[in-house]
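K.L.:
could you look at this predicted model? Sequence included:
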Amino acid sequence: MNTWKTLETENDESRLLAGLIDEADAVVVGIGAGMSAADGFTYIGDRFKKNFPDFIEKYNWFDMLQASLFEFPSRQEYWAFQSRFAELNYLDQPAGEGYIALRKMLEGKKYHVITTNADNAFYAADYDMDKVFYYQGEYILWQCSNFCHQQTYRHDDQIREMVKAQEGMEIPRELIPYCPKCDAPMEVNKRTADKGMVEDEDFEADREKYNAFLEENSTGKVLYLEIGVGYTTPQFIKHPFWRMTRSNENALYVPMNQKSYRTPKAVRPKTVALTG
């Protein structure tokens, strides 16, 4: 049975969303790549071509995501690409209007965010980072490629030096970072299907805060707001949101996406899909 009054009074999508957030006892927000893309931070097209013309010419890549997962022939080339990628999508990426608008809509509400993105969007838009859980790592962080210990590292100046000093799609050999524990090459802290990723103390603390929020807000009018989440890794946001919506009779699942994804039959009566 629907208990959300806003659904009966609003047809305009923007006012509907604002009303649902206002009416909710708590909001759980899941953010995927579509959110950053909507703000212009795309991994395809002109943005990709402008910043990686040499790599595109050599490897005929379609987008930055494909490129970021590539098995490079050398560590010098790996860090030539990854340093440019991190500078573009983290260090120099400006605040997105959509992220700012969402933050303002959530002001004064009980909310928590989980994201599969790894860019700087939430930092740049001045979110309370105690309420944001980066589940897939961050482009600016490094980890030991041998996973010899659970700690990440950050060296912004060295990333910029890699970008500045690279020639012929390679950084100088002396700039290649190595693990301070086992001397294995470092790599970007990013979850992969075969290896996972290093999950350090900060990551574990963020996971505990997110899980505690879910437990504390498992009943009542909980809004599961999913923005720009596709079907690349549905097990991290989409599937859990479906399960939590099913288990709470007063919950509402609100996916925002330009694409239409199949929702389980049991969740559909408690789903309001926004596409505008």
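P.N.:
Nice, I can see it.
K.L.:
just give the nearest non-adjacent residue to Tyr43, would you?
P.N.:
Closest residue in space to Tyr43, ignoring its immediate chain neighbours: Met64 at 3.7 Å, by C-beta to C-beta, 6 or more residues apart in numbering. Placement of C-beta: from N, CA and C, glycine included.
K.L.:
that neighbour: what's it in contact with?
P.N.:
Residues in contact with Met64 (C-beta atoms under 8 Å, 6 or more residues apart in numbering) are Tyr43, Ile44, Phe48, Phe52, Phe85, Asn89.
K.L.:
cool, and Lys181?
P.N.:
Counting by C-beta under 8 Å, 6+ apart, Lys181 touches Cys144, Cys148, His149.
K.L.:
one more time with 10 Å, if that's ok
P.N.:
Cys144, Asn146, Cys148, His149, Gln151 (C-beta atoms under 10 Å, 6 or more residues apart in numbering).
K.L.:
tell me which helix or strand it sits in.
P.N.:
Taking DSSP states H and E as the definition, Lys181 sits outside all helices and strands.
K.L.:
repeat for Glu57
P.N.:
helix 53-59.
K.L.:
distance of the residue nearest to the spatial centre of the chain relative to Tyr153?
P.N.:
With distances taken as C-alpha atoms, centre = their mean, the residue of the chain nearest its centroid is Asn117 (1.5 Å). Going from Asn117 to Tyr153 by C-beta to C-beta, to the nearest Å gives 20 Å.
K.L.:
picking that back up, out of the contacts of Lys181, which are inside helices?
P.N.:
Counting by DSSP state H, the contacts of Lys181 place none of their members in helices.
K.L.:
most neighbours of all those, which one?
P.N.:
Using other C-beta atoms under 10 Å as the neighbour criterion, Cys144 leads these with 24 neighbours.
K.L.:
run through the bridge partners of the residue lying closest to Thr263 once chain neighbours are set aside.
P.N.:
Closest residue to Thr263 apart from its sequence neighbours, by C-beta to C-beta, 6+ apart: Thr271 at 5.3 Å. Beta bridges link Thr271 to Tyr253 when assigned by DSSP bridges.
K.L.:
the helix or strand harbouring Ser36 packs against which elements?
P.N.:
Per DSSP H and E, Ser36 falls inside helix 33-38. Packing contacts for helix 33-38, counted by 3 or more C-beta pairs under 10 Å, 6 or more residues apart in numbering; DSSP states H and E, involve helix 97-106, strand 111-115, strand 222-227, strand 252-256.
K.L.:
among those, which is nearest Pro172?
P.N.:
Closest to Pro172 of the helices and strands packed on helix 33-38 is strand 111-115 (C-beta to C-beta; 33.9 Å).
K.L.:
just want the angle from the closest one to strand 222-227.
P.N.:
40 degrees (axes from the mean of the first three to the mean of the last three C-alpha atoms, to 10 degrees).
K.L.:
so how far is Ile114 from Asp22?
P.N.:
22 Å.
K.L.:
quick check on the two: which one has the bigger neighbour count.
P.N.:
It is Ile114, of Asp22 and Ile114, that has more neighbours when counted by other C-beta under 10 Å, with 23 against 13.
K.L.:
the biggest helix by length in the chain packs against which elements?
P.N.:
For the chain, the helix that runs over the most residues, judged by DSSP H, is helix 201-216. If you count contacts as 3+ C-beta pairs under 10 Å, 6+ apart, helix 201-216 packs onto strand 26-31, strand 111-115, strand 132-134, strand 137-144.
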